[in-house]
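here is my input, please return the structure:
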Amino acid sequence: MSYVPPLRDFAFVLDEILQAPEVLRTLPAHAEFDSALMTQVLEEAGRFAAGVVAPLNASGDREGCRFDEGAVHTPAGFARAYAQFCEGGWPALACAPEHGGQGLPHVLDCALYEMLSAANHGWTMYPGLLHGAYACLAAHGAPELQARYLEKIASGQWLATMCLTEAQAGSDLGQLRTRALPQEDGSYRISGDKIFISGGEHDLTDNIVHLVLARLPDALPGSKGLSLLLAPRVLPDGSRNGVRCTGIEHKMGIHGSATCSLRFEQAQGWLVGEPGRGLAAMFVMMNAARLHVGAQGLGLAEAAWQRASAYAGERRQSRAPTRSTAVPGGDLIAHHPAVQKLLMEQRCRIEGARMLTCWAGLLLDLAEHDPDAALRRRHHERLEFITPVIKAFLTEQGFQCTSQALQVFGGHGYVVESGIEQYLRDARITMIYEGTNEIQGIDFLMRKVLGDEGRRLADFLALVRADANDDSLLGYEAKLLREAVDKLEVLARAIAAAAAHSPTLPYFVADEMLRLTGHVALGWMWLRAGRRALSALASDPSYYGGKRDAACYHFAFVFAQVRQLCGIIEGCLANGLPLSSPDLDHHAAQEAG
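Presented below is the predicted three-dimensional model:
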């Protein structure tokens, strides 16, 4: 089965829910943007994803990458597909025209990467960091670095990496040991080992731009002592830099993506941003990556759902309780309520996630281009608030959806020949990299909610309330959403108060608070979608009737998880948390002994 880009749903979300063309036209940078251009870009993006990279998905998974004496060979067809990607101008889609970019909205870039991830997650890992690297260098790079590298990155001629992780440090970047020694010519010599570097070595481009976190000689301890440096695989004079790949990981999934160990041996590099401010500069790239990872979870879920839905329309088994008479060979499993529930829950999660990621993409456009500086800051804060939710909640949902898609296949889903199990394997990594989902939960609650005394949470909930307070259409669903908004606000205040005497409590409920916020965000989007469907029902009963039904199903089955999450948090607040447990006591004894 081939991948079918969900172009009709993108049109529904962007045109009818978010009114993206109208919003974008208020920005001087996109004053000429309209629905026709949006449709054209999305159609071409879908054609490339479905026609060029999707056919390489299964073969790339089977073949994987090959490591040979420091060189990495990608699966057959990957290099040609990447060349076509660049020929089509796709890397430059949302880059500034002054850097050779097309200057189109970020929200289209979000849609592009959802489709690419759905079509071929392993291949998409290579260009997935391009825009983040471009944005980081555009914001913090010295003019000479920008002149040398920005256009090459924007065009995709050179790919980029994000070199953070080291074996002894893991997610604790304060433990990084890689060193950078200043040279008389203003450059630095970088030495150290990095692991889990996506695209650290490959055969797609003749140069790779590594963005590396390292310590200068006089650096402070911890994360405050990190600086960011740019170290290319090939130096400006054409010679090979002192960075080499020492191996690639053999992974559970995304076999087509080269996950490399890199050794920097007196590699020449140049400072990006200020000394000791490397993590702040790198966050530009990290936040862009986290939004892309959320889109990966969504894309994989969409591709898996398409396969499961098609299979349910072909496979016959037993008589369905919804059918009055027996059919030779049994009814299609699509008629069985259990399978209908599996498919509908996937659909609700996927289409709600698409609305949320597109909203985030639109926020990024507003944060960059709104003519009002105060509004730009507000949009940026909203994007900061929702980014960990998109990364963690949507990747968790994506893994659940791919698992449910496999369940539709039954035993046939568990064997490789069906092709569905690849999506489950590929989706699992999204919950781990770019900051594990648990780290996202801690960042969300400790920094984005409690860190500013709930100001950004209050702003987000005000947006949701503005729609939930209207009972004209879907009044019962609006009531459920209002109750969840009120509960989330109360719980946030209670956690803040409890943290004064129980400082570890927020860490225990951080995951639940992030999930709760994610459900409120998806409920908000489905309320808007359901109302739009009801108002447009007469124009296309089949399409809008399906949207109306999905909205009602979402609130009946998916949104109901809000009550469970609230119950967990309330229980922790009411009863406190155990001060010890057998596991904790055992580990404490080991450390003491």
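
so what pLDDT did the closest residue to E63 other than its chain neighbours get?
For E63, ignoring the flanking residues on the chain, the nearest one in space by CB to CB, 6 or more residues apart in numbering is P75 at 4.2 Å. Placement of C-beta: from N, CA and C, glycine included. Per-residue pLDDT puts P75 at 98.

please enumerate the strands of the stretch 451-593 of the chain.
With DSSP state E, counting those that start in this stretch as the criterion, the stretch 451-593 of the chain has no strands.

output the below-cut-off pLDDT ranges for it.
In the predicted model, the stretch 451-593 of the chain carries pLDDT under 70 at residues 577-593.

go again with 80.
For the stretch 451-593 of the chain, the stretches with pLDDT under 80 are 576-593.

all helices for it, in order.
For the stretch 451-593 of the chain, the helices defined by DSSP state H, counting those that start in this stretch cover 455-468, 475-499, 505-535, 541-553, 561-575, 582-592.

name the residues of the second one that are buried.
Okay, so that is helix 475-499. Neighbour counts using 16 or more other CB atoms under 10 Å place 477-478, 480-482, 484-485, 487-488, 491-492, 494-495, 498-499 of helix 475-499 among the buried residues.

give me the contact list for that helix.
Helix 475-499 has contacts (CB atoms under 8 Å, 6 or more residues apart in numbering) with 445, 449-450, 453-454, 457-458, 461, 464-465, 467-471, 505-506, 509, 513, 516-517, 519-520, 523-524, 526-527, 530, 551-552, 555, 559, 562, 566, 569-570, 573.

filter those residues down to the buried ones.
Of those, these count as buried by 16+ other CB under 10 Å: 445, 449-450, 454, 457, 461, 464-465, 467-468, 505-506, 509, 513, 516-517, 519-520, 523-524, 526-527, 530, 551-552, 555, 559, 562, 566, 569, 573.

which parts of the longest strand seen in the chain are buried?
As assigned by DSSP state E, the longest strand anywhere in the chain is strand 259-272. For strand 259-272, burial by neighbour count (16+ other CB under 10 Å) applies to T259, C260, S261, L262, R263, F264, A267, Q268, G269, W270, L271, V272.

test my guess that the second one contacts I248.
Yep, that's C260 we're talking about. Yes: the pair C260 and I248 passes the contact test of CB atoms under 8 Å, sitting 5.4 Å apart.

what sits in contact with each of those two?
V72, E201.

show me what contacts the residue nearest to E63?
Counting by CB under 8 Å, 6+ apart, P75 has contacts L56, S59, G60, E63, G64, C65, G122, H255, G256.

residue contacts, the last one?
It refers to G256. Counted by CB under 8 Å, 6+ apart, G256 has contacts 56-57, 60-61, 63-65, 74-75, 78, 120, 122-123, 125.

check which residues of stretch 13-28 are buried.
Buried, per 16+ other CB under 10 Å, within stretch 13-28: V13, L14, E16, I17, L18, A20, P21, V23, L24, L27.

quick one, phi/psi of the last one?
When quoted as degrees, to the nearest 10, the phi and psi of L27 stand at phi -100, psi 130.

that one contacts L366, correct?
Yes: if you go by CB under 8 Å, L27 and L366 touch, sitting 7.2 Å apart.

for N575, grab the count of nearby residues.
Other residues near N575 number 8, with proximity taken as other CB atoms under 10 Å.

what of V416?
Neighbours around V416, by other CB under 10 Å: 11.

check contacts around Y3.
A49, A50, A54, N57, A118, A119, A303, Q306.

got a list of what A167 touches?
Per CB under 8 Å, 6+ apart, neighbours of A167: D193, I195.

surely it is in a strand?
No: counting by DSSP: H, G, I helix; E, B strand; the rest coil, A167 falls outside a strand, being coil.

hmm, back to that, most neighbours among the contacts of P75, which one?
G256 (28 neighbours).

that one: which element?
For G256, there is no host helix or strand (DSSP states H and E).

can you tell me the closest non-neighbouring residue to it?
Once chain neighbours are set aside, the closest to G256 by CB to CB, 6+ apart is G122, at 2.8 Å.

could you name the helices and strands sitting against the helix or strand encompassing L137?
Using DSSP H and E, L137 falls within helix 130-140. Counting contacts by 3 or more CB pairs under 8 Å, 6 or more residues apart in numbering; DSSP states H and E, helix 130-140 packs against helix 143-155, strand 159-163, strand 208-215, strand 226-232, strand 259-272, helix 278-312.

mind putting those in TSV, distance to K194 and mean pLDDT included?
Formatted as TSV, the helices and strands packed on helix 130-140 follow (distance: least, CB to CB, whole Å; pLDDT from 0 to 100):
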stretch	distance to K194	mean pLDDT
helix 143-155	19	97
strand 159-163	5	97
strand 208-215	7	98
strand 226-232	11	97
strand 259-272	5	98
helix 278-312	13	94
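
list the residues that contact the residue lying closest to T205 once chain neighbours are set aside.
Leaving aside its sequence neighbours, T205 sits nearest to L159 (CB to CB, 6+ apart; 4.9 Å). Contacts for L159 (CB under 8 Å, 6+ apart) come out as Y126, P127, L129, L130, G199, H202, L204, T205, I208, V209.

same check, this time on L457
Contacts of L457 by CB under 8 Å, 6+ apart are F385, K448, V449, L488, E489, A492, T517.

and the helix or strand containing C348 with helix 505-535, angle?
Using DSSP H and E, C348 sits in helix 337-369. Calculated by axes from the mean of the first three to the mean of the last three CA atoms, to 10 degrees, helix 337-369 forms an angle of 100 degrees with helix 505-535.

any idea how far helix 337-369 is from the chain center?
Centroid separation for helix 337-369 versus its chain: 12 Å, with CA atoms, centre = their mean, to the nearest Å.

what's in contact with stretch 338-350?
Residues contacting stretch 338-350 (CB under 8 Å, 6+ apart): 298, 301-302, 304-305, 308-309, 312, 333-334, 397, 400-401, 404-405, 407-408, 522, 526, 550, 553-554, 557-558.

same thing but at 6 Å, please
Under the contact criterion CB atoms under 6 Å, 6 or more residues apart in numbering, stretch 338-350 has outside partners 301-302, 305, 309, 312, 333, 397, 401, 404, 407-408, 550, 553-554, 558.

and those, which two are the farthest apart?
Using CB to CB, the pair of the contacts of stretch 338-350 lying farthest apart is I333 and Q397, separated by 23.2 Å.

the more surrounded of these two?
In terms of neighbours (other CB under 10 Å), Q397 is the more surrounded of I333 and Q397; the figures are 26 against 23.

C245 against E69, yeah?
No: at 9.6 Å, C245 and E69 do not qualify as touching, with contact defined as CB atoms under 6 Å.

who has more neighbours, these two?
C245 (21 against 6).

now do the contacts for the more buried one.
G70, G200, E201, C260, L262 are the contacts of C245 under CB under 6 Å, 6+ apart.

and it, that one's in a strand?
Yes: C245: assigned to a strand according to three-state DSSP.

what's across from it in the sheet?
L262 (DSSP bridges).

from F67, how far off is it?
Between C245 and F67 the distance, using CB to CB, to the nearest Å, works out to 7 Å.

which residue is the nearest non-sequential neighbour of T178?
Nearest non-adjacent residue to T178 (CB to CB, 6+ apart): G192, at 2.7 Å.

one more: H106?
L364 (4.2 Å).

do I have it right that that neighbour meets P105?
No: here L364 does not reach P105: they are 8.6 Å apart, not a contact under CB under 6 Å.

of those two, who's got more company?
P105 (29 against 23).

isn't A392 up against E438?
No: counting by CB under 6 Å, E438 is not a contact partner of A392; they are 8.2 Å apart.

same drill for those two, tell me which one is more crowded.
A392 (31 against 16).

how near is A147 to A466?
Taking CB to CB, one finds A147 at 46 Å from A466.

could you pull out the strands for the stretch 1-150 of the chain?
Using DSSP E, counting those that start in this stretch, strands in the stretch 1-150 of the chain cover 66-68, 71-73.

mind listing what the first one pairs with, with the direction of each?
I take that to be strand 66-68. Its sheet considered, strand 66-68 pairs with strand 71-73 (antiparallel) by DSSP bridges.
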